[in-house]
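Participant: here is a sequence with its predicted model. Questions after.
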Amino acid sequence: MAGPEKAGYVFVVKGNQKRLYRQIKAVPWAKIPVLDQTHDRGHGRHDIRRLQTVTCLGRLALDFPHASQALRIRRRRHNPASDRWSTVTLYAITNLTADQAGPAELADWLRGHWSIEVLHHIRDTTYCEDASRLRTGNAPRALATLRNTAISLLRLTGVSAIAPALEKNSRNPRRSLQIPGIT
């Protein structure tokens, strides 16, 4: 695809879009086969993700501009500590046809979305970004860029707990400069 007029979207449908959420939830998912399934083990858990897609035409047409496919991802997670399974269902839509984006590709894009959400969560909880009083000009964007840079540099050095690393580095400004190799 070339140019913004040909850009595709994958849009996660949440409960705050009540009408669209009801429409996509009402799709007869029990009759639709699972087209992509992944198994992951990590952090002591076992995850199984199953993706179903359906073309939104005729009686399945959705009230959203250019929606071509509806998606449902069911994630089952086993937590060995509690020996329990939990299930989370995620709905999404896309304007891409089945020929333009296959089930595995759509599943990858939706999983990639969570890495963005994690970054926003870190910026909000560690830097209290939502409480910032900067609202005009380029200041909010500049601070977000600096925060993203700090988080990325810490991650590149193998840090997984961002808040303690920031606290440790704040006590000694030279330590922060060592991370990107400036000193």
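Facilitator: Sure, I can see it. For clarity, every value in this text was computed on a predicted model and none was experimentally measured.

Participant: first to last residue in stretch 169-178, what's the distance?
Facilitator: Taking C-alpha to C-alpha, to the nearest Å, the first and last residues of stretch 169-178 lie 10 Å apart.

Participant: what do you get for stretch 12-26?
Facilitator: End-to-end distance of stretch 12-26: 16 Å, with C-alpha to C-alpha as the criterion.

Participant: now swap in stretch 23-37 and tell me
Facilitator: Start and end residues of stretch 23-37 are separated by 24 Å (C-alpha to C-alpha).

Participant: for that stretch, which positions count as buried?
Facilitator: By 16 or more other C-beta atoms under 10 Å, the buried positions in stretch 23-37 come out as Gln23, Ile24, Val27, Trp29, Leu35, Asp36. Just so you know, the C-beta spots here come from the backbone N, C-alpha and C atoms, and that holds for glycine as well.

Participant: low-confidence ranges, the protein, go.
Facilitator: 1-6, 43, 113-117, 183 (pLDDT under 70).

Participant: how about the strands of it, start to end?
Facilitator: 10-13, 36-42, 45-55, 69-79, 84-94 (DSSP state E).

Participant: and these: which comes nearest Asp63?
Facilitator: strand 84-94 (10.5 Å; C-beta to C-beta).

Participant: run the chain-centre distance for the closest one.
Facilitator: Relative to its parent chain, strand 84-94 has a centroid offset of 13 Å by C-alpha atoms, centre = their mean, to the nearest Å.

Participant: stretch 138-156 now?
Facilitator: 19 Å.

Participant: change the start of the numbering to 247 and stick with it
Facilitator: Noted, 247 is the first residue going forward, which turns the last one into stretch 384-402.
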